[in-house]
Structures are given as structure tokens and as C-alpha cells.
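Enquirer: here is the input, now give the coordinates:
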Amino acid sequence: MSGSRTWDVVVIGAGMVGAACAHHAAAAGLRVAVVDRGPVACGTTGAGEGNLLVSDKEPGPELDLAMLSLRLWHGLAEELGRDVVEFEAKGGLVVASSPDELLGLKRLMAGQLDCGVGAEEVPAKQLRELEPHLAPGLVGGVLYPPDAQVQPALAAAHLLRGSGALTLFTGTEVTGVDLGADGAVRGVRTARAGTLACGAVVNAAGTWGGHIAELAGSSLPVLPRRGFVLVTEPLPRLVRHKVYAADYVADVASGSAELQSSAVVEGTAAGPVLIGASRERVGFDRTLAVPVLRRLAAQAVALFPVLAGVRTLRAYRGFRPYLPDRLPAIGRDPRVPGLYHACGHEGAGIGLAPATGLILAQLLCGERPELDITAFDPGRFAPHDAREAR
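Expert: You can find the predicted model right below:
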């Protein structure tokens, strides 16, 4: 199929962030096309655990974005059907194995409470009331009732399906972005669907966000950060919350390129237990790293000894879209009029997607964004940052 058709906005990327951008833009009355070189949720979204977290975020702009997004998620869950997208407001439990770790958790919680996050300290003797199968010897923790989970691929698919004024092009690679004589966006070129004429482009291409920026004559230093998840056989509900060790918070905040892993364990509505989380910058190397999987399994068993005899059915991996300051790029590109960015959310894209989509739709409609997005300004990176990041 070829030719030229016209939309108000073309969203590049049919993952959770792209789906949320398209959903809110269509709800605002814009004509929207979504383009992805693969199927829906074929990238980071399809390899995610579906976490909707405030617990792992320090006070600041990302926490503000997460709190808005979590409120929006509750509305989306009702709209799409909680069972349909496997939405569970199950809460998160962060546990400490030493007094120093517990002190760090308390400090983080104090700042979060000042921002309006719901959280409460859990003494050591009460941990196993919340999670009966936790290992003994933990010194305490913090419970975050707001933390939740969805099945990310289902959520993205149903969000796109439910957006009426939207055209979806899957299996359609973007080969270029057309600019007018004034340097502004005029359309998106594709190998399969021809040229999609539009007045605006939203770059929601995840780990490929830097490539899309280059096609449009701009730059964004997005890098892939590989992670693995283990999936167990279906089980009775052994793990009630999302449970993770205190060092996971430090891993999330770290910009290290080296391998980092910490125990993250959670049950699912379907039965299997998901075990993570690892992070490392190895480019787009998809090698199945067995030592990493063994390390994740050992950390999970240390946290939940009952898992020692459980079978692992599979492991999957994906790439988190990482930016050097560990904040997403959300907003207008300063160099290319009509180009907008919604990428670089690293491991928080599922949770942050609804607020990102709402903000992008507001910008596209010329409205004031719901939040101050100064910290997410794509222009905060100098053009040479993208070259140095490779």
C-alpha cells in the first residue's frame, strides 16, 4: 500500500507509552496514526513486568509524574476492564536486611510522605503477617499500598483498540521524517504504507528513540539497558505484594553500565511468579546470560526460600530505554518544530505512560501541561550527548 494520507499526529511506537499518547490525543479530538515496525508491544512493553510504582521514586519530578499516572491508571483500568488488563492494586513491600538499609528506607519514605505518597513502616515482627513466606532475619520494611500492576502487552493492545479516531500501522518501519522549507514536520515516510502526512510526530520509539530523533534531524542520547525476568510455573498465591529488597531502589537510581541485580518478586493474576531485576548496558545484545539468571534465582530464593523447589518455565529479556540523567524526555524538540518526544522512561514506562500521554496530548492541543515538565525537556541534552552515548 502506498500513497499519502493526512493525520494531525503520527505516533511512532506501539508500546505502552505510544498507546497512551495515541489514546489521549484521540480523546482530545485529534486524528492519530500509530506506526510500529513490529506488532503492538513488541519492544520494552512486551518484556516488562507491568509495574505501576511510586515506592522506588525519590521526591522530585519523576515521583510527581508517577503519582499523576497512577491516578490515571485507576481510571483506565475501569475503562478497559480490570480483569481484561489484569490490573491489581496489590501494593508494594520493600524489605531491609540490615539496620543501615532500613534507615535508608525510612529516609526515603519520609520524603515521599511529604509528597503525599501513601506508605507505612512495617516492623520486622509484622513482615510475615503481610508475606508469610518471607525469609526470617529481615529487620523491617516499608509498605506502599498505592503500588499496582497490569499485564503490559494486554493494556497497550486494549488501549489502542479502544481509541476510536486512530489508525494503526504495524509491521511498518519508519524510514524518514519529512520536513518543510521552514524545518517543521510535514510527514513520516514508511517502507510499507507510503508517506503519512501530518503536522506533528510523537517519538515514542523506546530504545530506538535516538534513531527516530536522528531521522528527523535532531538527537536524543537514548541507550538500551538490558534486563532479564524469570517466570515460574503457575502457583497458588505465595507472594501477595510486589516485594523487593532495599538495594533495588539504589539500582533504579544508578547510571552504572555494569551488571546490577536485586531481588524483585511478585505473583501474578495468572499464577506464575515473576522474578527480577537485572540491569546492564550491553547495547542490543540479546544473549541469554545464564549467570545472570542464576543470580536472580538465588536472590529470589534468599528472599522467599519457598521458591527453592519451584520450576522456572522460561526467562525473557528486554531493553529499557535509558537516558543519562535517568529521566524521560517528554515534550517538544527544540530543534525540529512539530517533533515531540515521549521516550527514555527506562524501567518505569508502563507506570508513567498515562501521564506522559496526557501531557503530550495537552501540548499537541496547545494547552498547558498537567505538570511542570521542565525536568523532562528533550532540549536538556546537547547535540553531542547523543554521539558520546554510543
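Enquirer: quick one: secondary structure of A25?
Expert: Secondary structure assignment for A25 (DSSP: H, G, I helix; E, B strand; the rest coil): helix.
Enquirer: isn't it right next to E367, touching?
Expert: No. The criterion here is C-beta atoms under 8 Å, and A25 misses it with E367 at 11.9 Å. Where C-beta positions appear, they are placed from N, C-alpha and C, glycine not excepted.
Enquirer: more neighbours, those two?
Expert: Between A25 and E367, counted using other C-beta atoms under 10 Å, the more crowded position is A25 (30 against 11).
Enquirer: the residue nearest the centre of the chain sits in which helix or strand?
Expert: In the chain, the residue lying closest to the centroid (C-alpha atoms, centre = their mean) is G349, at 1.6 Å. Using DSSP states H and E, G349 falls within helix 349-364.
Enquirer: picking up where we left off before, for the residue nearest to the centre of the chain, which non-adjacent residue is closest in space?
Expert: Take G349 and drop its neighbours on the chain: the residue closest to it by C-beta to C-beta, 6 or more residues apart in numbering is V17, 5.3 Å away.
Enquirer: ok so, going back, how much space between the residue nearest to the centre of the chain and Y340?
Expert: 16 Å (C-beta to C-beta, to the nearest Å).
Enquirer: before we move on, the earlier item: which other helices and strands does the helix holding G349 contact?
Expert: When contacts are defined as 3 or more C-beta pairs under 8 Å, 6 or more residues apart in numbering; DSSP states H and E, helix 349-364 sits against helix 16-27, strand 51-52, helix 61-80, strand 194-203, strand 329-332, strand 339-343.
Enquirer: and the helix or strand just after the third one, what does it pack against?
Expert: Same thing as helix 61-80. Next helix or strand after helix 61-80 toward the C-terminus (DSSP H and E): strand 92-96. Packing partners of strand 92-96 (3+ C-beta pairs under 8 Å, 6+ apart): helix 99-114, helix 124-130, strand 140-144, strand 242-245.
Enquirer: switch to 7 Å and redo it
Expert: Strand 92-96 sits against helix 99-114, strand 140-144, strand 242-245, with contacts defined as 3 or more C-beta pairs under 7 Å, 6 or more residues apart in numbering; DSSP states H and E.
Enquirer: tell me the most buried of the ones you listed?
Expert: Mean neighbour count (mean count of other C-beta atoms under 10 Å) peaks for strand 242-245 among these, with a mean of 26.
Enquirer: ok, now which ones touch the residue nearest to the centre of the chain?
Expert: For G349, the contacting residues are M16, V17, T44, by C-beta atoms under 7 Å, 6 or more residues apart in numbering.
Enquirer: just to revisit the earlier point, what angle separates the helix holding G349 from helix 16-27?
Expert: Counting by axes from the mean of the first three to the mean of the last three C-alpha atoms, to 10 degrees, helix 349-364 lies at 30 degrees to helix 16-27.
Enquirer: how big is the angle separating helix 349-364 from strand 194-203?
Expert: Angle, helix 349-364 to strand 194-203, by the same axes, to 10 degrees: 110 degrees.
Enquirer: how much space between the closest residue in space to L68 that isn't next to it in sequence and D333?
Expert: Of all residues not flanking L68 in the chain, A355 sits nearest, at 4.3 Å (C-beta to C-beta, 6+ apart). A355 is 20 Å from D333, where distance means C-beta to C-beta.
Enquirer: neighbour count: the two, which is higher?
Expert: Neighbours per residue (other C-beta under 10 Å) separate A355 from D333, with A355 holding more: 26 against 23.
Enquirer: residues contacting the more buried one?
Expert: Neighbouring residues of A355 by C-beta under 7 Å, 6+ apart: L65, L68, S69, L72.
Enquirer: burial count for the last one?
Expert: What it means is L72. If you count neighbours by other C-beta under 10 Å, L72 ends up with 19.
Enquirer: report the rounded mean pLDDT for stretch 202-216.
Expert: The predicted model gives stretch 202-216 an average pLDDT of 97.
Enquirer: first-to-last residue distance for that stretch?
Expert: 11 Å (C-alpha to C-alpha, to the nearest Å).
Enquirer: so where's the stretch 201-350 of the chain uncertain?
Expert: The stretch 201-350 of the chain contains residues with pLDDT under 70 at 251, 253-254.
Enquirer: I am finished for the moment; much appreciated.
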